[in-house]
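> what's the 3D shape of this:
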Amino acid sequence: MSDIPSDEELDNPIRIILVIDNKFNENGEDMKNIDDAKDEKEENSKKENEMEEILLDNIQSFKLMNEFFDQFDESIAIPNEGKIKYEVGSDGLVIIIVESKDLFDKTQKFIEDYDNELSKKLENTNEEEDNTSKKTKV
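Got it, this is the predicted structure:
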């Protein structure tokens, strides 16, 4: 484990680049290993590549980042091992590569839902802090 305190702030917000890697067909076989008669199908699949950039402004500390990736691993990465790869850079850039549109959609939904829940949780925490400070001023 690192020596970085878990509540230390991140230098940059988490930015996720989510990509479908269409070198795999629907059966998960590498398209490069299929005979040349299917070159047209490979060309068509490349045209369907999809990419999404998602900014997670609410994740501002190492603690929140660790909580996100613990949940992400449990819900998405581990159940889809071999169908998803991700790399986390020290600058806050996260590249997630998935092999299917379905997994792309599930991953995108997970990230957006997690961010929405975190936003609500942080809003409630801020409201409670505001209420507490108002009570002590009276």
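
> where along this protein do the strands fall?
14-20, 51-56, 84-88, 93-98 (DSSP state E).

> what about I17, how many neighbours?
A total of 14 residues lie near I17 under the criterion other Cβ atoms under 10 Å. Where C-beta positions appear, they are placed from N, C-alpha and C, glycine not excepted.

> where do the helices of this structure begin and end?
With helices called from DSSP state H, the chain shows them at 39-47, 62-72, 101-137.

> least reliable of those helices going by mean pLDDT?
In terms of average pLDDT, helix 39-47 trails the rest of the helices of the chain, at a mean of 52.

> the nearest residue to P13 once chain neighbours are set aside: neighbouring residues, count only.
Take P13 and drop its neighbours on the chain: the residue closest to it by Cβ to Cβ, 6 or more residues apart in numbering is D57, 5.1 Å away. Here the count is done by other Cβ under 10 Å, and D57 has 11 residues near it.

> where's D57 relative to D73, distance?
Remark: distance between D57 and D73 (Cβ to Cβ, to the nearest Å) = 22 Å.

> just the buried residues of stretch 79-90, please?
N80, K83, I84, Y86 (16 or more other Cβ atoms under 10 Å).

> name the nearest of those relative to F104.
Within those, proximity to F104 (Cβ to Cβ) peaks at I84, which comes in at 9.6 Å.

> go ahead and confirm that closest one touches A77.
Yes - the pair I84 / A77 is scored as a contact, 5.7 Å apart, by Cβ atoms under 8 Å.

> tell me the pLDDT at the residue nearest to V88 when sequence neighbours are not counted?
With sequence-adjacent residues excluded and distances taken as Cβ to Cβ, 6+ apart, V88 is closest to V94, at 5.1 Å. We have a pLDDT of 96 for V94.

> number of nearby residues for V94?
The tally of other residues near V94 (other Cβ under 10 Å) stands at 21.

> okay, buried residues for stretch 13-21 please.
Buried residues in stretch 13-21 (16+ other Cβ under 10 Å): I14, R15, I16, L18, V19, I20.

> I appreciate the help and will end here.
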